[in-house]
Every structure is written in C-alpha cells, then in structure tokens.
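Q: Need coordinates for the below:
(chains A and B)
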2 protein chains.
Amino acid sequence: MSYLIRNVSVLIVPESGECRVDEGRDIHVQDDRIAAITPTGTPFRAAPTASSAAPTPSASPGASPGGADGEVIDGTGLVAVPGLVNSHTHSPMVMMRGAAEDLSIEDWFNQRIWPMEVNLTPERVRVGARLACAEMLLAGVTTFVDHYFHADQIAAAAVESGIRADLAPTFFSSAGAEAVDAAIATARDLRTVGPRVTASLGPHATYTVGDDDLRRTAEIARAEGFRIHLHAAETDDQTQSSVDRLGVTPVQVLERTGVLDAGALIAHGCGIRDADLRILGQYADRVTVASCPKVYLKLAMGTVTPIKGLQSVGIRIGIGTDGAAVHNTLDVWEALRMVALTQKQREQDAEWMNVSDTLRLATRGGAAAAGLADQVGALEPGRQADIALVDLFGPHCRPIHDPRAALVYSVRSSDVVTVLVAGEVVVRDRRLTTLDLGEVLAEANDLAHTLVDLSRGGAVQHYAP
Amino acid sequence: MSYLIRNVSVLIVPESGECRVDEGRDIHVQDDRIAAITPTGTPFRAAPTASSAAPTPSASPGASPGGADGEVIDGTGLVAVPGLVNSHTHSPMVMMRGAAEDLSIEDWFNQRIWPMEVNLTPERVRVGARLACAEMLLAGVTTFVDHYFHADQIAAAAVESGIRADLAPTFFSSAGAEAVDAAIATARDLRTVGPRVTASLGPHATYTVGDDDLRRTAEIARAEGFRIHLHAAETDDQTQSSVDRLGVTPVQVLERTGVLDAGALIAHGCGIRDADLRILGQYADRVTVASCPKVYLKLAMGTVTPIKGLQSVGIRIGIGTDGAAVHNTLDVWEALRMVALTQKQREQDAEWMNVSDTLRLATRGGAAAAGLADQVGALEPGRQADIALVDLFGPHCRPIHDPRAALVYSVRSSDVVTVLVAGEVVVRDRRLTTLDLGEVLAEANDLAHTLVDLSRGGAVQHYAP
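A: Modelled structure (predicted):
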C-alpha cells in the first residue's frame, strides 16, 4: 500500500540543533517506509532535478500526482511529526488507572499495586493492553517500550492494533528460577510475533532481581542479541539504600553484572549520581535512560532524571509515561511537556531543555530507547513511516508564532488527527481503524473491578529497596 | 430560560474534606441559578419528601419531567463540575503565544514581552480577549480573573462570549499619574458593564508601583469597595531584592500600604516567606493567592507558591494560568494538575494536595480569588449556574476507579462537552454558541504579527525588581 500525504507541514528533527517545520510538503509513503518528502505537487518517481523541486501548480487537488503514489491523505493545515515513542510503560496497568491515588511510593507499591497484581491473568492483561494501544495510537504514539507480565498477550494486542512495540517480560528473582526462565522464554517467542514487535529482557529492578539473575540475563542478552530493560536508581533513596546495603550504587550493580555491557534501557534513573556518569559514559553506545517526570512529582520522589548530566556523557534519553496506575494517562505529549518543565526547574535554567531538544527526546531519543534508532524517530526517506498528523488550529494553539512551541506547550493528544505506523493508517480522522474502541472500552470496564480486588491477599513483591 | 440537565453525575466539592461524585442526578437551572439538584426523574417543584427522592422510572427520556423545567440537556454519561475559575491571567496575551520561549524571566520581560506590549491597541486587545474567552469556555472555564491593559475591551469580549470575568486594569507608576488615574477610572466604568463582569484595581506589582500609588489604590479600594489584584513576591529573588533595597518583604509592603487591609488577590507569591505568613493570616478573610505553577517551572523560578503554609494561616488559594505568552494555554485542567504535582514535590509528600483538595482549589478557591466565594465554585442550589459537563468516556480516562482522580490526572480540556455560565448555554456539544470560532481565529491570526513586532523600540516597563 502507498500513501501520499499531500501539502502537509513537516517537523524536521535533526540529530542536534534546532528543529524546524517545513511547510507545503508531500510525504510519499511506500509500503512500510517513507519514500520521499518533496515540495508539494512534485511528481514522485521523477528523477530529482533542481527544477522538479519547485511546486507543480497544475497538480489538481484530491488527485494523486504520480502513478507511484496511492491514496491521497490531505495534510492541509496539519503538521506531520514523527510518531511519538513511549519509552517506558507498563501498558496493561491502564486497568488500575485512578485506583492508587495520593500515596507514598511505599504505600503505592505495598498497599495497592503489588497486592493488586496477584489478580493478573492473560485475559485481563490482554484487555488492558488493547485499551492502552488504543489510547496511545489515538494520541499519536506509534511505538511503546513495555515492561510487564504476560507479555505475549501485550504482543497480541499490539499486533491487532498495529502499534509498534518493544516488549520486556517482567520477572522478579523472588518468583523463582522457573519464573525467570519463563520470562526469558517469552522474550524469545516474542521475536517471531511480527515485524513491529521486538523483545527485550525484563528483570524488574536492581532491588528485586539478584546479581546472579542479572548476570545470567546479561549473558543471554549478549549471546542472543537482546537488550535489557529494567528499573534502576529510581530515587535517590534507592541509591543510598544500595550503597548502604551493598557498598555500590545501582549503576555499579548494572556494571558489575554485565547489564550495561549487554546494552540496557534504564527506567527513571532519578537517583543516578555524578559518580555514576563516568561509568555510564563508557556504555553510551548501548545504554539509554527513560524519563517519566509526572510520576516523580506525583510520588514525591524528590528529584527527576539528571538528563543534563547523562547527556554530557553521551547517554541518549527517551520520554515515557510509566504505567497509568501512577501516570493516569499514556499521553506522551503530556510527558514531554513535563520533561521540559521539570528539567528547566531542576537545572534552574529556563534556557535549558528547549523546545527543539524536548521534541528530539520524544522522537529520536525514544527511538534509541526502543532499540530502533535507525528505523523510527524522524521523518526521513528510508525510515519507517510512523507519522502523526497534528491539527494546530485549535484555539489553544492559535495564533502560531512558533509551531514547535505549540507542539511542546499547547497541543493536546486530541489534536492528533491521523496516524500511520509502518505505512499503515491506524487512526483516521481521530478514529481507530484497527480496533473497535467501544468494544475495547466495554471489555476494560467489565473487567476493571477484578484487577483492584484485594480480597485474595498476598502480593507479587514487596517494596523494600 | 430554564434547563434541566438530566441524569448527570455531579461533582460535589464540600468546603473541606473529600469530594464525591453523585450519580444519577438532575440539575434544575432557573434563570441564572441552580434551583435544585435532585435524584434523576424527581419532579421539580414537588415538595421534597422522602419518597420523592427516589427516581421516577416513568419519566420518559427526552421529555421534561416538570412544567417548571425548560429545555432538557441529556447528562447521561457526563460529569457536571463547577465551572473552573482561572484565578490569574492576562487573557489578551494569547496573541503572543509561543513568541517568547526558553528565556530567563529577565529576558522574557525585557527582551520580549514588555517591548512587545508597546504594540497594544484597543483592537488588538479585544481580538486577543475574544480568542482567550473562546479557549477558556471550550475548556470549561466559566470565570477568569484578569489583569491587563485596555480592560474595557476585555470586558466587551467577555460580555459577547458570555463568560464571567473579574477585570483589573493594569497600571505601572512609571506611566505617570494620568495613567494610574485612567486605569482606576476604567475599573469604575467596568462596574456597569453587566452582571457577569466585576472589577478590581490593578497595580502591576510591588516592584513596579510605588508605595504612594499603592496607598492611594488601597484607599480607593476601601472607599469604593474594590479588591486589589496584583503581582507580589513572584520569586524568592524578588523578595530578597525587596529586603535588600527596602528592608521589608513584598508582603510587608502590601501591609504597610494598606493593600492587605483593603483586600487583595496576590498573584504567584512563590517568594512568600514563613515570616510573611503571620502577617497574611491577619487578613485571611480578604486576601487570596493565585498559583500558576506551569509558569514557575517554565521560567525556572526555583520554587512554587507555598500553598501549605498559606493554608495553615487560613489563606484561600485559587489556580491560574497566568498569560499564554508564558503558559501557552489558558487550560485550567492543565494548571490544576500542575498544582497537585508540584505541591506534592514541594512538600516531599505524595499524600499532600490530594485529589479532593486540588479540585477544591480550582473551584471554590478560584471563586474566592474572583471575589465570588458565595456565588460560584460549587454546584449547590442558589448558586450561579456555572457548570461544565465533562465526558469521562475517552480511552485516556477508562476504566474509572475514581472519577475525581480522572478529573485531576486524566481529563483533557477537549473532554468538556457543554458549558453553562449564569444559566446560559455558552458551549453545546463542544461548540461555542456565542462566538463564531472561525472568525475569532481568523482575526487573531491576521493581527498576530503586529503584537510581536519589535521594530518600534521601547518597552512598557523594565524588569529590575
């Protein structure tokens, strides 16, 4: 299938420096990739010459200007942005949205979430993941990087919805060797699910998975080409506790167990210390960090990811929502705005984490966090056609002095009109083409009470980092 | 005109304690007020008895169940919330949205905003205010508390749109006695504009208006029954500068000039110190503070409003957006979420600023900040019928374990469906009834470039607090 997205503005996110918005462009999509981005009306397949770069006024509106282009999507008045990447989430936790409010991190884990998670079943995870995929696609999120149980069910939901996903089956050492083996086996199985699904290994955290299991995970990752997605140094308290108990920081644990060497996505890292940066810098080609600041504020964690320090040693940063049991949405627009705001606050520098850098983290940074740095995260010929078309005509965006600023500080997920993943239209005119949203919501509503039932007692884990 | 909002869930915001959502209610609106809130189907005007509190299943859908009720608005599946109050803004600054990004507070004022404001004309202010009113109404904001130039034009836009407004004509001492007199005269004139417009006196700030002018403002306010709306102690730097230059804090300036005694709305107050709280507590019956935290983070101001301390001495707090030249939206849903998040962070306490308290600030707190504590801010018989009907059926809100949490942490402005102000339907099915949005946007787009033109040189003021 081919598409011509005609007469659209295009957000160009370079690897460094200022982003820009090019107006009056045609995006030519062939199969799963962006074939070309040309001045609007330029016949595609014509040999590119200086003269063919000029608009062709004779191209009639509504008709495909070139035989190689398929269906025309009118982009007039819209901005095409690289599909956003949710760099760290637990997608099925949408089922617990709003069920654990105004709690300390300890109570959130020990009184609510981990006791609730004894209720997980494949069906409930699948229903939650379908809802999560629906929410994300409608908001222009085309890739999510997930860490959860029953990841095969999440993969099925992802495939059904058309979203791209990197899935890490979660495990705790406390669940025993068989559970660890099963999670790793699931990761292996996920590799054959489909072209938009990749797998990572998912030890939960440095404080819930022992060094032996981390070492074994790292060995398998190296041998089989997996990346490792895990929580580490989520808060400074965790880091201090690690130093007190083990004599080393969580980052040092990751180094000594070979996790950094294998390649890792570290979720949160708010407790990463200056002394850790030198270590991380040695693995900057294969280690990324995901920042989800709404969560850090909501749980009063005391700090946010030290992005400036991490970037200073070459670490690439993605933006995530974490699970909706604490973030309440899977809205990466909201998350990227929170990154900009909290990073300015953290560094006491209003010029820091500017509009261009923020957009870069949500796109190219997320692509790196997903292990897809060369595939997604930018609108460039040859990359996957993961594209969100955004309407900046709402009164909350107007007038437009700077469309990049509108994307960071004004836009809402509901401004996303049309979304493509791998060249497939998955959202058209604000409606999912792949899922029946009414059915998805009804299923989620029907099962929601089963997830938050605490009557069974027990917990999948205890938070005592 | 009368309305029956039938079969709606109603957010009840008590003066203290937990909010709740009552399902299956009818809101009976007569003229500009809420006449009654009853279990759905209860005939209105019937003497309330124990038995009439039960639903009347025989009431046919779509028809008015009582002769006293007018048009029926189907509230099925919606939550009625008190219209939100934007407790501090400069509404026409939507015209500069996105034109001053990634700047320190000094550069934001001195390089951009105050030089841009030499371009203000009555027409440009009116066009901006119309856009602002459109944005706010569509988002369920039914009252805004404004501080700007050409306030007569803002009043005209407010009246045209149907929104409720408290307007403070801004003045600087540097503009001379005539400008001060003119602003105060405008405030007097605003009192006759209409029932939904009230006026306050608007000295800009303690650092831009001298003590003599503040004293005179306070005297006029006391004599004529005005409140005073001004900026004070916006940052701790401002407070320290005041102490260094004058030997007193901005709050002490407000006390010694009689501003606190006259009754004041203090914008921001991030630099309010513990020693100021004792002073403020003496005026808690007439002094309120508006908090706009997105702005504090974006300008890297280093701290946020000390709400916990202020509430401990009885000060009521409203939530605002400040102007869109820094906040980028006039979205009070966004602002209230930022209050919850940043207050938890400030106090290092995830249990603080809980969902109920946050909703209370955005409604009852805002009503107090607007000088309308007994008129708006809650859905209760006898109060003004300022009501927003919100759709919590979006995938970003589902499933609903706690609708209050959804209102604070999941909802978007685009979930607002229908809005009434003073019993008038001003937004119906997400469309303005009072303004032609296309025309409003076109006018704003046409004039936008004139506002950001720096070619004239000069500035309305210089920031050196």
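
Q: Output the set of residues of the stretch 1-150 of chain A in proximity to chain B.
A: A:94-99, A:101-105, A:108, A:131, A:134-135, A:138-139 (Cβ under 8 Å from any Cβ of the partner chain). From N, CA and C alone the C-beta is placed, and that goes for glycine too.

Q: Narrow the residues you listed to those in helices?
A: A:I105, A:L131, A:A134, A:E135, A:L138 (DSSP state H).

Q: most neighbours, which of these?
A: A:L131 (32 neighbours; other Cβ atoms under 10 Å in any protein chain shown).

Q: Up against chain B, what does the stretch 151-300 of chain A have?
A: A:K294, A:Y296, A:L297, A:K298, A:L299, A:A300.

Q: Quick check: closest non-adjacent residue to the first one.
A: In space, not counting the residues next to it along the chain, A:K294 is nearest to A:M338; the distance is 4.9 Å by Cβ to Cβ, 6 or more residues apart in numbering or on different chains.

Q: of all the ones in helices among the residues of the stretch 1-150 of chain A next to chain B, which two lie farthest apart?
A: A:I105 and A:L138 (29.8 Å; Cβ to Cβ).

Q: can you redo the ones in helices among the residues of the stretch 1-150 of chain A next to chain B as JSON lines with pLDDT and distance to A:R456?
A: Listed next are those as JSON lines, based on pLDDT from 0 to 100; distance: Cβ to Cβ, whole Å:
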{"residue": "A:I105", "pLDDT": "96", "distance to A:R456": "23"}
{"residue": "A:L131", "pLDDT": "98", "distance to A:R456": "23"}
{"residue": "A:A134", "pLDDT": "98", "distance to A:R456": "28"}
{"residue": "A:E135", "pLDDT": "98", "distance to A:R456": "28"}
{"residue": "A:L138", "pLDDT": "98", "distance to A:R456": "34"}
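
Q: which of those lies closest to B:A232?
A: Distances from B:A232 to these, taken by Cβ to Cβ, are shortest for A:I105, at 35.4 Å.

Q: Return the backbone torsion pair for the residue most central in space within chain A.
A: By Cα atoms, centre = their mean, chain A has its centre lying nearest to A:N86, at 1.5 Å. Per-residue torsions, A:N86: phi -90, psi 100 (degrees, to the nearest 10).

Q: which residues in the stretch 101-250 of chain A form strands?
A: A:141-148, A:164-171, A:197-199, A:202-203, A:228-232 (DSSP state E, counting those that start in this stretch).

Q: got a pLDDT number for the nearest residue to A:A156 once chain neighbours are set aside?
A: Nearest residue to A:A156, sequence neighbours excluded (Cβ to Cβ, 6+ apart): A:R126, at 6.2 Å. Per-residue pLDDT puts A:R126 at 98.

Q: A:R126: what's it in contact with?
A: Counting by Cβ atoms under 8 Å, 6 or more residues apart in numbering or on different chains, A:R126 touches A:P92, A:H150, A:Q153, A:I154, A:A156, A:A157.

Q: how about 10 Å then?
A: If a contact means Cβ atoms under 10 Å, 6 or more residues apart in numbering or on different chains, then A:R126 has A:P92, A:H150, A:D152, A:Q153, A:I154, A:A155, A:A156, A:A157, A:E160, A:E443, A:L447 as its contacts.

Q: In CSV: the strands of the stretch 101-250 of chain A, plus mean neighbour count and mean pLDDT.
A: CSV is the format used below for these (neighbours: other Cβ atoms under 10 Å in any protein chain shown; pLDDT from 0 to 100):
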stretch, mean neighbour count, mean pLDDT
strand A:141-148, 30, 98
strand A:164-171, 28, 98
strand A:197-199, 23, 98
strand A:202-203, 29, 98
strand A:228-232, 27, 98
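
Q: ok, back up a step: would you mind listing which of the residues of the stretch 1-150 of chain A next to chain B are buried?
A: A:94-99, A:101-103, A:105, A:108, A:131, A:134-135, A:138-139 (16 or more other Cβ atoms under 10 Å in any protein chain shown).

Q: from those residues, which two are the most distant?
A: Greatest spatial distance in those: A:I105 and A:L138, 29.8 Å, computed using Cβ to Cβ.

Q: What are the buried residues along stretch A:413-429?
A: Result for stretch A:413-429 [16+ other Cβ under 10 Å]: buried residues A:413-427.

Q: Considering only the residues you listed, which also neighbour chain B?
A: Restricting these to those touching chain B (Cβ under 10 Å from any Cβ of the partner chain) yields A:S413, A:S414, A:D415.

Q: How many neighbouring residues does the nearest residue to A:P399 once chain neighbours are set aside have?
A: Nearest residue to A:P399 in three dimensions, chain neighbours excluded: B:A448, at 3.4 Å (Cβ to Cβ, 6+ apart). B:A448: 23 surrounding residues under other Cβ under 10 Å.

Q: what do you get for A:A464?
A: Close neighbours of A:A464, defined as other Cβ under 10 Å, add up to 10.

Q: just A:E23 next, same as before
A: Neighbours around A:E23, by other Cβ under 10 Å: 13.

Q: same deal with the one 3 residues further on?
A: Neighbourhood size, A:D26 [other Cβ under 10 Å]: 26.

Q: mind listing what A:L167 touches?
A: Taking Cβ under 10 Å, 6+ apart as the criterion, A:L167 is in contact with A:91, A:129, A:144-148, A:151-155, A:158, A:186-187, A:190, A:193, A:197-200, A:202, A:229.

Q: Name the next helix or strand downstream of the host helix or strand of A:I5, please.
A: A:I5 is located in strand A:2-12, with elements delineated by DSSP states H and E. Counting by DSSP H and E, the element after strand A:2-12 in chain order, helix or strand, is strand A:20-30.

Q: Beyond that next one, next helix or strand please.
A: Where DSSP H and E defines the elements, the next helix or strand beyond strand A:20-30 is strand A:33-39.

Q: avg pLDDT for that following strand?
A: Mean pLDDT, computed over strand A:33-39, is 97.

Q: Tell me what angle that strand forms with strand A:20-30.
A: 130 degrees (axes from the mean of the first three to the mean of the last three Cα atoms, to 10 degrees).

Q: Counting by contacts, list what the helix or strand that strand A:33-39 is followed by packs against.
A: Beyond strand A:33-39 on the C-terminal side, the first helix or strand identified by DSSP H and E is strand A:71-74. Packing contacts for strand A:71-74, counted by 3 or more Cβ pairs under 10 Å, 6 or more residues apart in numbering or on different chains; DSSP states H and E, involve strand A:2-12, strand A:20-30, strand A:387-391, strand A:416-421, strand A:424-428.

Q: how does it look with 8 Å?
A: strand A:2-12 (3 or more Cβ pairs under 8 Å, 6 or more residues apart in numbering or on different chains; DSSP states H and E).

Q: Tell me which strands the strand it packs on pairs with, and in which orientation.
A: Looking at strand A:2-12 with DSSP bridges, its partner strands are strand A:20-30 (antiparallel), strand A:71-74 (parallel), strand A:78-82 (parallel).

Q: Out of these, which is closest to B:P39?
A: strand A:78-82 (46.0 Å).

Q: Need the mean per-residue confidence for the strand holding A:I5.
A: 97.

Q: Show me how to select, in ChimeraX, the buried members of the contacts of A:R126.
A: A single ChimeraX command is used to select the members of the contacts of A:R126 judged buried by 16+ other Cβ under 10 Å:
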select /A:92,150,152,153,154,155,156,157,443,447
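
Q: can you name the two of the contacts of A:R126 that are farthest apart?
A: A:A155 and A:L447 (19.2 Å).

Q: show me the contacts for A:R25.
A: With Cβ under 8 Å, 6+ apart, A:R25 has these contacts: A:N7, A:V8, A:S9, A:V10, A:I37, A:T38, A:P39, A:T40, A:G75, A:A80.

Q: Neighbours of the first one, how many?
A: When you say that, I think you mean A:N7. 22.

Q: so it sits right up against A:T38, yeah?
A: No - using Cβ atoms under 8 Å, A:N7 is not in contact with A:T38; the gap is 11.1 Å.

Q: Distance from the chain centre to stretch A:79-89, please.
A: Stretch A:79-89 has its C-alpha centroid displaced from the chain centroid by 7 Å (Cα atoms, centre = their mean, to the nearest Å).
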